[in-house]
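Participant: With the input below, show me the fold.
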Amino acid sequence: MKQLLFLAAGVLLASAAQAQFGVKAGAHYATLATKENGRTRTYYEGQTNAKGRIGYQVGVFYEKKLVGRLSLVPELQYSRQASDLTVSNGLIPDNAYYADYRLTLHYLNVPVVARVMLGRFYLETGPQGGLLFAAHEKGYERRVSVFNIGHHQGPSNFDQAATDHYQRFDVGACAGAGVKLPGGFAIGLRYSAGFISISRKLEPDTYGGSLKNQVAQASVSYQLGG
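Facilitator: Got it, this is the predicted structure:
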């Protein structure tokens, strides 16, 4: 995974004479696909729900012409992705755990897409690698004794750095479409989905199921020489 990121970043900075560099920025809707380790839980056992939020991304790219209408477009992109998570877990010995918090993830993403031009319009698809360099959790948690319902702890508020709670690398794919405008500008839509779970179960009562990134983004770009 590290080699993929370094290789894509190196390709992005190479071949300047034969490529058209550009910058892009936009907004996205990010959420996390949740799954309880391949099994369905009852309400008592617990469940996890994720609600997406609006975020933003900025980056640089170049478009290298290959043959005909086909070109290769590597990007280097910062993405701030946030979701609201609600977690309940009734499988902890002697206790039940509840948490409601906002998770913010800061990624350096490297999508490498093959683009096909159809007049002024284009279609694109390709792999995407991501490096998580910061994560933050803010919300509250509560623990309740299953043998003494009246006895509980909390709610306890937390506002903490949480980079170590999640996998540092993500691998996925993306696909999108767009239109090139006069003056080197373009408008694009893209959807990306992670293939691997980013969650790490560090404590018995935290969420240990699957969390996979899902992002739908819109962007405006400007391309030198476009």
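Participant: Quick check: bridge partners of G172?
Facilitator: Beta bridges link G172 to Q128, G194 when assigned by DSSP bridges.
Participant: if I look at it, how far off is Y101?
Facilitator: To Y101, G172 is 24 Å away according to CB to CB, to the nearest Å. No exception for glycine: its C-beta is placed from N, CA and C like everyone else's.
Participant: A161 now?
Facilitator: As for A161, its distance to Y101 is 13 Å (criterion: CB to CB).
Participant: Equivalent analysis for L131, please.
Facilitator: 23 Å.
Participant: Looking at those two, which is more packed in?
Facilitator: A side-by-side neighbour count of L131 and Y101, using other CB atoms under 10 Å, places Y101 first with 20 against 16.
Participant: What's the first helix or strand after the lowest-mean-pLDDT helix or strand in the chain?
Facilitator: The weakest-scoring helix or strand in the chain, judged by mean pLDDT, DSSP states H and E, is helix 2-13 (a mean of 57). Elements were assigned by DSSP states H and E; along the chain past helix 2-13, the next helix or strand is strand 19-35.
Participant: pLDDT weak spots in the chain?
Facilitator: 1-19, 36-46, 90-95, 145-155, 201-208, 226 (pLDDT under 70).
Participant: can you give me the strands for it?
Facilitator: Chain-ordered strands for the chain, with DSSP state E as the definition, fall at 19-35, 46-67, 70-89, 95-118, 121-145, 152-161, 169-180, 185-194, 210-223.
Participant: I'd like those as CSV, with distance to R200 appended.
Facilitator: Listed next are the strands of the chain as CSV, based on distance: least, CB to CB, whole Å:
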stretch, distance to R200
strand 19-35, 14
strand 46-67, 15
strand 70-89, 14
strand 95-118, 13
strand 121-145, 11
strand 152-161, 14
strand 169-180, 12
strand 185-194, 14
strand 210-223, 9
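Participant: ok, A218 to I54 distance?
Facilitator: Distance of A218 to I54, given as CB to CB: 11 Å.
Participant: swap in N157?
Facilitator: Distance from N157 to I54, by CB to CB: 24 Å.
Participant: go on, A27?
Facilitator: Taking CB to CB as the measure, A27 falls 6 Å from I54.
Participant: out of the two, which sits in the busier spot?
Facilitator: When neighbours are counted by other CB under 10 Å, A27 and I54 differ, and A27 comes out ahead with 13 against 9.
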